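Q: Need the 3D shape of this:
(one chain, ligands or ions: 1)
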Amino acid sequence: MTREPFATPVLGQATLDELRSHLQGQLIRPGDSTYDATQKVWNGAIDRFPSLIVRCADAADVVHAVQFARSNGLRVAIRGGGHNVAGRAICDGGLVIDLSPMKCIEIDPVARVARAQPGLTLGEFIGAVEAQGLVTPVGTVSGTGIAGLTLGGGMGWLMGKYGLTLDNLLSVEIITAEGQLLHASATEHPDLFWAVRGGGGNFGIVTSFEYRLHRVGALLGGIVIHPASRAREVLRFYREYSAAAPDELTAYAVFATMPDGHPVVILAVGCCAPLEEAEKLVAPLRQFGPPLADLIRPMAYLELISMIDATAPDGWSYYEKPSAVTDLTDGAIEVFADVATVPSSPLSQVLVQHVHGAATRVGVSETAVYGLRETHYETSIIAAWTDGPAEPHVRWARDLAQALEPFSTPAVYVNAIADDGSERVRAVYGPNYHRLAELKRRYDPTNFFRLNQNIVPAQS
Ligand SMILES: Cc1cc2nc3c(=O)[nH]c(=O)nc-3n(C[C@H](O)[C@H](O)[C@H](O)COP(=O)(O)OP(=O)(O)OC[C@H]3O[C@@H](n4cnc5c(N)ncnc54)[C@H](O)[C@@H]3O)c2cc1C
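A: A predicted model of the protein is given here:
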């Protein structure tokens, strides 16, 4: 992983005491008993050492941290759930604004709205709203933070019916690079609201997300497992099945390895149609093969978004390459069958996610998101290992991404890219990049928020 060059200003005790005196939360420094646990993120391959970590208790702490960093010339990293694969939530030598203690949520079941703080994980958020019979579409692993996921997009089982997570965002409370607290929505600072819906952490620190909620009962979800030796026919079936799927049904294909060492192709599904109809929609998936195992059943949404948690635990080393496969042509299927079925380790996996329905009916210029507005197969190549050098795993992920290039567009999902450089970031935002750069100049002209998939302020 790339190490950011850094120079840390020396801060005197009085300066630090002054900061501490303003905080409701904690100030953590190297040597403190909680430092080692606090500087860890989901990806165990990331090992960075910030000079200061402010564990924020509320929005006022965030304002103090921003102002302190500005007046002392510190670089800042913003941490929500700590799941960004490139470890953007942590930095060497600067100040980490850690939002993970901020976990309050207010739910209005009548208006079907939830206001959530940025420290919540998907599991904590869905656990709270589903207790009221309501949900909003989120991702597929419960430990992921709502903050980073929402600000980049938010793909998951309900995107066909209800769109991306950020398509369900009604407003945000955000602290700008000047340390000013603003409300942004369709009517207040609408340009800022446009930019944060896809622009990640480039425009400020969101201290509250207001989401629209939907009434969804039990879903039909789960997986069927096939041997990897049948990868070609399974993918051809998946191509036809997913292309015909209604909005209520989202299906993924996953290349993984069973605990006994056998490589497999898994078809995973989440269907929010009424159960009787869902059974009919899912029946062809269960009949095809037949599969080695059929683990599909009615379940709560919280259960569905926790289904694959064990395959991506905290602390393993990870390297990810995304690929936006436009169509599962026979050529693309050959690549998957040849390379994805021979992973770099039994922990590595490839997710082929069918982006369709409501997520793709939102216009490219309606939010900052570009690549997720066309029907396609967003592919996450996730190399994982627990010991030994990174090189064979990184090479396998890069080789597979490169082999998929003839079948892909460069407009991949921003939350899945690593240290790929500014050209990649431009490609991710496509026609929206120019407007984003103009707004970056307006809201963050000095590029104070730059440890992210960085949108460089436009030149005046
Ligand atoms: C196991 C796993 C499964 C995943 N599954 C999915 C999935 O199903 N669907 C999907 O869409 N994505 C998925 N992702 C990708 C996920 O969207 C990103 O990793 C996202 O960055 C996670 O958000 P976080 O808050 O945990 O990240 P963090 O690492 O804490 O933050 C990432 C970046 O987001 C920005 N940020 C975070 N919080 C704030 C804030 N409050 N204000 C401003 N900026 C902020 C900062 O720039 C920060 O560096 C998955 C990731 C993992 C590791």
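
Q: Can you name the residues of the protein sitting close to the ligand?
A: Applying Cβ under 6 Å from any ligand atom, we find that the chain lies next to the ligand at 42, 78-85, 88-89, 99, 118, 139-141, 144-145, 147-149, 151-156, 200-201, 205-206, 312, 415, 452. Just so you know, the C-beta spots here come from the backbone N, C-alpha and C atoms, and that holds for glycine as well.

Q: ok, now with 5 Å
A: Contacts of the chain with the ligand, taken as Cβ under 5 Å from any ligand atom, map to 78-84, 88-89, 118, 139-141, 144-145, 147-149, 154-155, 201, 205-206, 312, 415, 452.

Q: now the stretch 51-200 of the chain, which segments are flagged as low pLDDT?
A: The model of the stretch 51-200 of the chain has no residue with pLDDT under 70.

Q: Can you show me the helices along it?
A: Residue ranges of the helices in the stretch 51-200 of the chain, as given by DSSP state H, counting those that start in this stretch, are 59-71, 122-130, 146-152, 159-162, 190-196.

Q: highest average neighbour count across the ones you listed?
A: Each of the helices of the stretch 51-200 of the chain was scored by mean neighbour count; the highest is helix 146-152, a mean of 28, by mean count of other Cβ atoms under 10 Å.

Q: ok, and what's touching that helix?
A: Here helix 146-152 makes contact (Cβ atoms under 8 Å, 6 or more residues apart in numbering) with 80-81, 83-84, 88-89, 99, 116, 118-122, 125, 138-139, 165-166, 169, 196-201, 206, 209, 413-415, 453.

Q: Which of the residues you listed fall in strands?
A: 116, 169, 206, 209 (DSSP state E).

Q: residues contacting whichever residue of the stretch 251-400 of the chain sits closest to the ligand?
A: Residue of the stretch 251-400 of the chain nearest the ligand, by Cβ to the nearest ligand atom: residue 312 (3.6 Å). Shown in contact with residue 312 (Cβ under 8 Å, 6+ apart): 141, 318, 382, 384.

Q: where does it land on pLDDT?
A: We have a pLDDT of 96 for residue 312.

Q: just residue 453 next, same as before
A: For residue 453, the predicted pLDDT is 95.

Q: now do residue 419
A: At residue 419, the model reports a pLDDT of 75.

Q: How about the one 3 residues further on?
A: We have a pLDDT of 87 for residue 422.

Q: which ones are touching the residue of the stretch 201-350 of the chain found nearest the ligand?
A: Proximity of the stretch 201-350 of the chain to the ligand (Cβ to the nearest ligand atom) peaks at residue 201, 2.6 Å away. Residue 201 makes contact with 78, 88, 148, 151, 449, 452, according to Cβ under 8 Å, 6+ apart.

Q: okay, how far is it across stretch 363-381, tip to tip?
A: Its start and end residues considered, stretch 363-381 measures 27 Å (Cα to Cα, to the nearest Å).

Q: Off-centre distance for it?
A: Computed by Cα atoms, centre = their mean, to the nearest Å, the separation of stretch 363-381 from the middle of its chain amounts to 13 Å.

Q: now the closest residue to residue 326 other than its chain neighbours: how far from residue 90?
A: Distance criterion Cβ to Cβ, 6 or more residues apart in numbering; nearest residue to residue 326, sequence neighbours excluded, is residue 376 at 5.2 Å. Per Cβ to Cβ, to the nearest Å, residue 376 is found 32 Å from residue 90.

Q: what does residue 24 give?
A: From residue 24 across to residue 90, the span is 22 Å (Cβ to Cβ).

Q: got it, and residue 34?
A: From residue 34 across to residue 90, the span is 15 Å (Cβ to Cβ).

Q: Pick out whichever of these two has more residues nearby.
A: For residue 34 versus residue 90, neighbours defined as other Cβ atoms under 10 Å are more numerous around residue 90 (25 against 11).

Q: isn't the more buried one right up against residue 52?
A: No - proximity of residue 90 to residue 52 does not meet the contact threshold set by Cβ atoms under 8 Å, at 11.9 Å.

Q: number of nearby residues for the residue nearest to residue 326?
A: By the criterion of other Cβ under 10 Å, residue 376 has 23 neighbours.

Q: likewise residue 311?
A: Residues lying near residue 311 (other Cβ under 10 Å) number 17.

Q: Same question for residue 323.
A: If you count neighbours by other Cβ under 10 Å, residue 323 ends up with 28.

Q: Contacts only, for it.
A: 378, 379, 381, 400, 401, 404, 405, 408, 412.

Q: if you set the cut-off to 7 Å instead, what comes out?
A: Contacts were defined as Cβ atoms under 7 Å, 6 or more residues apart in numbering; by that measure residue 323 touches 379, 381, 401, 404, 408, 412.

Q: Just confirm residue 284 is within a strand.
A: No - remark: residue 284 does not belong to a strand; assigned using DSSP: H, G, I helix; E, B strand; the rest coil, it is helix.

Q: Just the buried residues of stretch 28-45, please?
A: Within stretch 28-45, the residues that count as buried by 16 or more other Cβ atoms under 10 Å are 28, 38, 39, 40, 41, 42, 43, 44, 45.

Q: what's in contact with it?
A: With contacts defined as Cβ under 7 Å, 6+ apart, stretch 28-45 is touched by 1, 48-50, 52-53, 55, 82-83, 85, 87, 89-90, 98, 314-319, 390.

Q: now swap in stretch 244-251 and tell me
A: 157, 159-161, 238, 241-242, 267-273, 281, 354, 356-358.

Q: wait, residue 92 sits on residue 51?
A: No - taking Cβ atoms under 7 Å as the definition, residue 92 is not a contact partner of residue 51, at 8.8 Å.

Q: the more surrounded of those two?
A: A direct count of neighbours by other Cβ under 10 Å for residue 92 and residue 51 places residue 51 higher, at 20 against 17.

Q: how far away is the more buried one from residue 444?
A: According to Cβ to Cβ, residue 51 and residue 444 sit 22 Å apart.
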